[in-house]
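Peer 1: With the input below, show me the fold.
(chains A and B, ligands or ions: 1)
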Amino acid sequence: MGQHWANLLICAGTGCVACGALKVKAALEEEIKKHNLQDEIKIVLTGCNGFCAKGPLMIVYPDGIFYQILTPQNIPLLVEEHLLKGQPVKDLMYTPPGEKEPIPLMNDIPFFSHQVLLALRNRGLIDAESIDEYIARDGYLGVAKALFEMTPKEIIQTVKDSGLRGRGGAGFPTGLKWEFCAKAKGDIKYILCNGDEGDPGAFMDRSILEADPHAVLEGMIIGAKAIGAHKGYIYVRAEYPLAVERLGIAIDQATKYGLLGKDILGSGFDFEIEIYQGAGAFVCGEETALMISIEGRRGMPRPRPPFPAHKGLWQKPSVLNNVETFANIPQIILNGAKWYANFGTEKSKGTKVFALTGAVNNIGLIEVPMGIPLRKIIYDIGGGIQDRRKFKAVQIGGPSGGCIPESLLDIPVDFESITQTGAIMGSGGMVVMDETTCMVGIAKFFLEFTQDESCGKCPPCRVGTKVMLDILDNLTSGEGKEGDIERLEELAMTIRETALCGLGNTAPNPVLTTIKYFRDEYEAHIKEKRCPSRSCTPLLKFEVNIEMCKKCGKCVKVCPVDAIAWEKKQPAQINKEKCIYCKTCLRTCQFYAIE
Amino acid sequence: MSKLTVNDLKKIKEDYQSIFTLRGGSYRAKVTIHMGTCGIAAGARKVMNTLMNEITKRNIKDTIVTISGCAGLCSHEPMATIELTEMGPVKYVDLNEEKIIKILEQHVLSGKIIKEYTLIE
Ligand SMILES: Cc1cc2nc3c(=O)[nH]c(=O)nc-3n(C[C@H](O)[C@H](O)[C@H](O)COP(=O)(O)O)c2cc1C
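Peer 2: Modelled structure (predicted):
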């Protein structure tokens, strides 16, 4: 029997699995058997491919053909036409919005072709549960180099020279952090990985853990050698069961191969890793709270200094890095600092992974070189705004971040430029919003989140965010008063200056940036009791504007409670006694005739 | 599983080389077997299987094999197209198991075109 000529790589990330990827796999196996092709074609389950909007999806190699939105019903045709007769099935390929011809090859699809994969270099390419496949892609050669050919000092120098900055939000230089800890006194030290990922809408770290868990382990082993740690923890939220499972498998495999444990690769260096499952509190992503949580106590931040590099987990010198930060390390060690520093900008080297979601056509996970203009991410990779609506803002950095308007879309994506807008790079959440999103409402959404997740230890965060939230509540329900904007700004500045930890310090950012760029929307809510995006229910009249109504009757069809009366060639009319204010008609009317 | 050494890592990498050549890696040679209904009827699947067996036997790691639909010359099936990085595509016609082995040896591995098996227009 010969080897396989074709490999079918099915995305088995959480998104695709939820959409039925495993059923597609079962159908493929059955169909392939039916045609007696099982010895020629291999099926592989990979981690997240990135193009989540189009799942379940599959790449057929050697040609690299991309199939999307597969169902078990598609499979008989696909197997017979493509895998038996050599005729790829056009109907199951990706066609860009507004175009007619599909793009067969994955690498020709704009969503993929503008990306640069460093941290995600194995995504969609290897079986995430096979250590051999990871090794085959240069896996653990970074560890081999670090353990046999480099001193801790040389490792730290390499990471410093690479320019790598932490991917968990603040962008602190990783090499410098390692150096502080390496120099700290103490014979017991810890290296920790932050996989808490609490930002709503963010799934970068989950995808890395699901797709390439060994890359994170390898980065941690190298870090351990650099600082002199022999024990590591990965803090990952329990809501990520697949990530936890894959990490567990990876740790077992690495231990069996002698890549974790005593005398790694025969180098004399010992290091072990334990998974710690967090209960899913946003504040536990903060470094001091995370360590307290691992110690088994309630996760609440403490003031710094002392910094974790000196007094971290169990008061021992510790390094905490983000999942993506660690995933970059093996390649930096293997290819050198210069290689890595070739990517990105002067002060922000390398790439950044973003979870691109919201109103764009191509929702998914992307990795782009630092310095790429925001516009390129949203229009070239993201494929522009859905339903031909207009772009309004992009929210970067989650609850600690801010909203960036159209006028700033040409700025490069790097730590400094994003911070200048008032947003933050954060860990990589990127939510695109169109004209139907109310900017006061979005500020309220994020503040509700931070207020809810506030640990309550310091008053500025516990009370201050609540007072801000009350004001926003008033604005969105038609009870805004003159002076509210100024009060929000004053509170925001005070909270920013006085809160104990990053959660409080940054909680006002969504409010401040929306006031800065969309002040007119705030004013409309206060002065005219009007929501310009027609999104805040209490500010809507639920009346048909007779002049704008095109008398098409579309709203009548979608109303779930038959509250709209209409006759041909007559404007529609809403019966307010029946209306449940669900806004379905508003969203359906293309002529903005419902107010 | 036993504990690995650095050499074991390199060995695993080598063992998997052909798989990652196949998954979008760079290859030196690409063989396309034409597999339309006509190709299959003329024995293209046998040609394919022979080729794959031979590639496995000889442990060739830099060559990928794929299939395509009918090439429009049904009377000359089975057909194959060979592409080497340093040479343009060459079409072979009226193949059988013997011929494909010869093509593998002479064209794919040594870069010598076998004129008499090619399509002469
Ligand atoms: C409220 C809050 C939540 C945080 N959540 C995360 C998180 O989910 N993941 C993460 O890596 N860092 C998070 N951070 C940042 C961490 O405190 C820390 O800076 C980071 O993990 C360090 O890793 P890095 O240097 O590799 O970025 C959070 C910080 C704050 C203040």
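Peer 1: contacts and neighbour counts: CA atoms only from here.
Peer 2: Will do.
Peer 1: Could I get the average pLDDT for the lengthiest helix in chain B?
Peer 2: Across chain B, the longest stretch assigned as helix under DSSP state H is helix B:44-57. The pLDDT scores in helix B:44-57 average 95.
Peer 1: Kindly report the same for stretch B:112-121.
Peer 2: Mean predicted lDDT for stretch B:112-121 stands at 86.
Peer 1: Going by neighbour count, which residues in it are buried?
Peer 2: Residues of stretch B:112-121 classed as buried: B:117-118 (neighbour count, 16 or more other C-alpha atoms under 10 Å in any protein chain shown).
Peer 1: For chain A, tell me whether the next helix or strand after the longest helix of chain B is touching it.
Peer 2: Where DSSP states H and E defines the elements, the next helix or strand beyond helix B:44-57 is strand B:63-68. Yes - judged by C-alpha under 8 Å from any C-alpha of the partner chain, strand B:63-68 comes into contact with chain A at B:64-68.
Peer 1: that older thread, the longest helix of chain B - contacts with which helices or strands?
Peer 2: With contacts taken as 3 or more C-alpha pairs under 8 Å, 6 or more residues apart in numbering or on different chains; DSSP states H and E, helix B:44-57 sits against strand B:29-34, helix B:97-103.
Peer 1: Quick check: mean pLDDT of the host helix or strand of B:Lys11?
Peer 2: Assigned by DSSP H and E, B:Lys11 falls within helix B:6-15. Across helix B:6-15, pLDDT averages out at 95.
Peer 1: likewise stretch A:256-265?
Peer 2: For stretch A:256-265, the mean confidence score works out to 97.
Peer 1: Report the backbone C-alpha coordinates of it in PDB.
Peer 2: Provided in PDB are the C-alpha atoms of stretch A:256-265 (Å, rounded to 0.1, in the frame of the first residue of the first chain):
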ATOM      1  CA  LYS A 256       6.300  10.900  27.900                       C
ATOM      2  CA  TYR A 257       8.800  12.200  25.300                       C
ATOM      3  CA  GLY A 258      11.000  13.600  28.100                       C
ATOM      4  CA  LEU A 259      10.400  17.200  26.900                       C
ATOM      5  CA  LEU A 260       8.900  18.000  30.300                       C
ATOM      6  CA  GLY A 261       9.900  16.600  33.600                       C
ATOM      7  CA  LYS A 262      13.400  15.600  34.700                       C
ATOM      8  CA  ASP A 263      16.500  16.000  32.600                       C
ATOM      9  CA  ILE A 264      14.800  17.300  29.500                       C
ATOM     10  CA  LEU A 265      16.400  15.900  26.300                       C
END
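Peer 1: separation between A:Met439 and the ligand?
Peer 2: Distance from A:Met439 to the ligand, counting by C-alpha to the nearest ligand atom, to the nearest Å: 22 Å.
Peer 1: nope, A:Val319 is what I was after
Peer 2: 8 Å.
Peer 1: count of neighbours near that residue?
Peer 2: 30 (other C-alpha atoms under 10 Å in any protein chain shown).
Peer 1: ok, now A:Ile234?
Peer 2: Residues within reach of A:Ile234, counting by other C-alpha under 10 Å, total 27.
Peer 1: So what does it look like in phi/psi?
Peer 2: Dihedral pair for A:Ile234: phi -110, psi 120, per degrees, to the nearest 10.
Peer 1: could the residues of strand B:63-68 next to chain A be laid out in JSON lines, adding pLDDT and neighbour count?
Peer 2: What follows is these, written out as JSON lines (pLDDT from 0 to 100; neighbours: other C-alpha atoms under 10 Å in any protein chain shown):
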{"residue": "B:Ile64", "pLDDT": "95", "neighbour count": "27"}
{"residue": "B:Val65", "pLDDT": "96", "neighbour count": "21"}
{"residue": "B:Thr66", "pLDDT": "96", "neighbour count": "21"}
{"residue": "B:Ile67", "pLDDT": "95", "neighbour count": "27"}
{"residue": "B:Ser68", "pLDDT": "94", "neighbour count": "21"}
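Peer 1: Among those, which one sits closest to the ligand?
Peer 2: B:Ile64 (39.9 Å; C-alpha to the nearest ligand atom).
Peer 1: Going toward the C-terminus from the lengthiest helix in chain A, what's the next helix or strand?
Peer 2: Secondary structure of chain A per DSSP H: the longest helix is helix A:509-527. Once helix A:509-527 ends, the next helix or strand along the chain (criterion: DSSP H and E) is helix A:554-558.
Peer 1: what is the mean pLDDT for whichever helix or strand comes after that next one?
Peer 2: Of the helices and strands lying after helix A:554-558 in sequence (DSSP H and E), the nearest is strand A:564-565. For strand A:564-565, mean pLDDT rounds to 93.
Peer 1: List of residues touching strand A:564-565?
Peer 2: A:555-556, A:572-575 (C-alpha atoms under 8 Å, 6 or more residues apart in numbering or on different chains).
Peer 1: Which member of the residues you listed is positioned nearest the ligand?
Peer 2: Looking across these and measuring by C-alpha to the nearest ligand atom, the closest to the ligand is A:Cys555, at 42.3 Å.
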